[in-house]
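> how would this look folded up:
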Amino acid sequence: MFRWWAVLEGFFFEDDFPLMYRAAHSPLSLDALMRPDSNGHLKPGGYLVVWVLQHVAPMNFLLVAVVMTMLQLAASVMVWLLIRELVGARLGALLPLAVYLFSPLTLSGYLWYATSIETVLLQFVMAASLLFHVRYLRTGRRVDAVISVSMVAVGLANWEKALLVLPVLAMFTLLWSSSGGVFRRVAQAVREHRWLWLTHLVLAGSYIVVYLSTVGLLLGGEGAAMTPRLAWEVVAKGFVPALFGGWWSSLPSGIGLAPPASATTYVIPLLAFAAAVLTTLITRRGAWRAWLFLSAYLMLDVFLLAGSGRGTLFGVEIGRDVRFVADSSVIAAIAIAMAMFPPGALARQRSGRDLGHILERPAVIGLTLLVFLANCGATSLKIVKAWSDTSAELYVRTAQVYIQRLGDIVIFDRPPPNDVLSPWFLEDHLVSRVLAPLPERPRFDQPSESPYVVADNGHLVLAQFRPATNSPPAPEQKCGWRVEAGTPSMIPLESELFDFRWALRISYFTGTTVQADVVIGGRRTSVTFEAGAHDVYLPYVGAVQSVVIASRQPLATLCITQVSVGQI
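Numbers count the residues shown, from 1 in each chain. The predicted model follows:
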């Protein structure tokens, strides 16, 4: 219920708008599904979800919230089934489950539509694949192995990071389903499950070929040089504080990035985490496997983040953004469960003393959960407050009211306020990317006699044209530039304009409606010139030297009195 309330406090955000715009204006095809997003992610499954929702109920945040919540519910149930499979349906198993359910580690990724369909589905896939892999290791039933592999395939169809599920399965097998030294464990795992690993490798290899041929290799930046610093930011100032319910002293900046670290925000959680790890290492033989499992996965996350070049672009502080390690919440829950309790699902594992006899006490469980939930609750409320403090919804809702009131109008595109859509989106930093997915389907950048623009407060106002250059005096005193079918007219400008977003004003008169093509820089736009004397406006992006107008209306004369190019 908290997650449902939390997501309803927010709205669409940043990447959501270009993603919905693309879904609204592209047919569902293989090319559309396989097109990488603005961050270079290949996620056909996620795009399919967005496309379906956009066409069922355009830009309907309530429907999106329902889908996001159901996806989170499915992931939560799968994590619980995995924990129960590993350590049994014991009362103490509620502790690792609570870490997954209530830790702020997963909240910011869940609240963001574009991120949720990546990270939450990955969490579901990771838990489901490992669940059936464990069942296969315990029973040897091939149907469980097939389901496990299928879950990996589902994950890869949605996000390339699902490749990390394969090392998760391999590490789990080596740590808890094999015995002996490292080389003996590897040999045993390969010998007993060679067909399974071969299937996984074929699947992963095929995906990598498709990914590289579609997206290419996007590794960049300092890479290895910055990995140690990035690892410190990820683990010490992002993952561990978020896992414990931090950050205590200040409000998170945005919905994912932790605030500047202080002793309160990361030293205390680090000490508490170290104490918990040390306690399990002392009291239960074999607990080191669980923490090695978690540490290895966190390092995989760090290597991916370092290799992506984001650290070079944003600095190592990007490691504090826990959205990039939200998938580690599943591994954390598993590690905590396996560190505290003997892995009852695997017959080969021998355990020494464990904490079960202490953690099964209702009073201990209740007190631990109370402290943990209070801390997570305080931070989660801060994150929800930051998430709900967005101007995008006000901007969109205000513009939507104007669009409904004004009816069939044309809007000339322009950059929206930066707090609605970041300029990092470059060519997608446009009002159309934000408003075009609306169910009213507003028209953008079409020829119009009375174009509108969207002000920074979301109000629609008539465009005010500011000329930068004009056409020279016309060759004919009475008709200006005469345009007739078969005799296009080239209209020069007094000065050449550089590559920019321009608006053209064409002043004309005609005795009858004329269909004509306006050609600028090789680009052709069909324009209807209405009977009478009018001004028609056209948007254009690029350098402008001259304008060519060619009539497609036989036995009709179009007189152009002036062409001006400027800004709206």
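
> Please count neighbours and contacts with C-alpha atoms only from this point.
OK.

> which element is Thr379 on?
Per DSSP states H and E, Thr379 falls inside helix 362-388.

> Buried residues in that helix, which are they?
Using 16 or more other Cα atoms under 10 Å as the test for burial, helix 362-388 gives 365, 369, 372-373, 375-377, 379-380, 382-388.

> again, but for stretch 207-215
Going by neighbour count (16+ other Cα under 10 Å), the buried part of stretch 207-215 is 207-208, 211.

> Looking at the residues you listed, which is nearest Gly109?
Tyr211 (23.7 Å; Cα to Cα).

> So that closest one versus Pro36, what's the distance?
To Pro36, Tyr211 is 10 Å away according to Cα to Cα, to the nearest Å.

> Please give the number of neighbouring residues around Asp445.
The number of residues packed near Asp445 is 18, by other Cα atoms under 10 Å.

> let's number from 722 now, not from 1
Okay, using 722 as the starting number, the last item reads as Asp1166.

> For the residue nearest to it when sequence neighbours are not counted, grab the count of nearby residues.
Nearest residue to Asp1166, sequence neighbours excluded (Cα to Cα, 6 or more residues apart in numbering): Phe1133, at 4.9 Å. Other residues within reach of Phe1133, judged by other Cα under 10 Å, total 24.

> same check, this time on Val777
Neighbours of Val777 (other Cα under 10 Å): 11.

> for Thr1119, same thing?
16.

> Which parts of whichever strand or helix holds it count as buried, going by neighbours?
For Thr1119, the host element (DSSP H and E) is helix 1113-1127. For helix 1113-1127, a neighbour-count test (16+ other Cα under 10 Å) marks 1113-1114, 1116-1117, 1119-1121, 1124 as buried.

> I'd like the residues you listed as JSON lines, with pLDDT appended.
Formatted as JSON lines, these follow (pLDDT from 0 to 100):
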{"residue": "Ala1113", "pLDDT": "89"}
{"residue": "Glu1114", "pLDDT": "91"}
{"residue": "Tyr1116", "pLDDT": "94"}
{"residue": "Val1117", "pLDDT": "94"}
{"residue": "Thr1119", "pLDDT": "95"}
{"residue": "Ala1120", "pLDDT": "95"}
{"residue": "Gln1121", "pLDDT": "95"}
{"residue": "Ile1124", "pLDDT": "95"}
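
> ok, so of these, who is nearest Val1175?
Nearest to Val1175, judged by Cα to Cα, of these is Ala1120 at 7.3 Å.

> Tell me where the longest strand sits in the protein.
strand 1210-1231 (DSSP state E).

> so what does that one touch, helix or strand wise?
With contacts defined as 3 or more Cα pairs under 8 Å, 6 or more residues apart in numbering; DSSP states H and E, strand 1210-1231 has these neighbours: strand 1187-1191, strand 1202-1205, strand 1253-1272, strand 1278-1288.

> Now tabulate those in TSV and tack on mean pLDDT.
Shown next, in TSV, are these (pLDDT from 0 to 100):
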stretch	mean pLDDT
strand 1187-1191	93
strand 1202-1205	91
strand 1253-1272	93
strand 1278-1288	93
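
> hang on, the earlier thing: now do the shared contacts for Tyr932 and Pro757.
The overlap between the contact sets of Tyr932 and Pro757 (Cα atoms under 8 Å, 6 or more residues apart in numbering) consists of Leu763.

> Angles on the backbone of Ile1241, please.
phi -130, psi 120 (degrees, to the nearest 10).

> so Asp1140 makes contact with Glu1114?
No - using Cα atoms under 8 Å, Asp1140 makes no contact with Glu1114, being 10.8 Å away.

> so who does Ala1047 touch?
Residues near Ala1047 by Cα under 8 Å, 6+ apart: 826-827, 830, 840.

> In ChimeraX, how would I select just the buried ones from those residues?
Buried members of these, defined by 16+ other Cα under 10 Å, are picked up in ChimeraX with:
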select :826,827,830,840
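
> What is the most widely separated pair among the contacts of Ala1047?
With Cα to Cα as the measure, no two of the contacts of Ala1047 lie farther apart than Leu826 and Thr840, at 11.4 Å.

> re earlier: neighbouring contacts of the helix holding Thr1119?
The contact list for helix 1113-1127 (Cα under 8 Å, 6+ apart) reads 732-734, 1130, 1140-1142, 1155-1156, 1159, 1161, 1163, 1175, 1177-1181.

> re earlier: among the contacts of Ala1047, which one lies nearest to Pro765?
Looking across the contacts of Ala1047 and measuring by Cα to Cα, the closest to Pro765 is Thr840, at 14.3 Å.

> Show me what secondary structure element comes after the strand or helix carrying the closest one.
Per DSSP H and E, Thr840 falls inside helix 834-860. Next helix or strand after helix 834-860 toward the C-terminus (DSSP H and E): helix 863-877.

> can you state the direction angle for that following helix and helix 834-860?
Computed by axes from the mean of the first three to the mean of the last three Cα atoms, to 10 degrees, the angle separating helix 863-877 from helix 834-860 equals 160 degrees.

> Pull out the buried positions in helix 863-877.
So, applying 16+ other Cα under 10 Å, buried residues of helix 863-877: 865-877.

> give me phi/psi at Tyr1173?
Dihedral angles of Tyr1173 (phi, psi; degrees, to the nearest 10) stand at phi -110, psi 160.

> what's near enough to touch it?
Taking Cα under 8 Å, 6+ apart, one finds 1130-1133, 1181-1184 in contact with Tyr1173.

> picking that back up, show me what whichever helix or strand comes after the helix holding Thr1119 is packed against.
As assigned by DSSP H and E, the chain's next helix or strand after helix 1113-1127 is strand 1131-1132. Packing partners of strand 1131-1132 (3+ Cα pairs under 8 Å, 6+ apart): strand 1164-1165, strand 1173-1175.

> so of these, which one's packed in deepest?
Highest mean neighbour count among the helices and strands packed on strand 1131-1132 (mean count of other Cα atoms under 10 Å): strand 1173-1175, with a mean of 22.

> average pLDDT across stretch 738-754?
For stretch 738-754, mean pLDDT is 89.

> Could you give the separation between the terminal residues of it?
Using Cα to Cα, the end-to-end distance of stretch 738-754 comes to 17 Å.

> Go through that stretch and flag the buried ones.
Residues of stretch 738-754 classed as buried under the neighbour-count rule (16+ other Cα under 10 Å) are 738-745, 753-754.

> same check, this time on stretch 1222-1239
For stretch 1222-1239, a neighbour-count test (16+ other Cα under 10 Å) marks 1223-1231, 1234-1239 as buried.

> and which of these is nearest Ser1272?
Closest to Ser1272, out of all of the buried residues of stretch 1222-1239 and judged by Cα to Cα, is Ala1237, at 4.1 Å.
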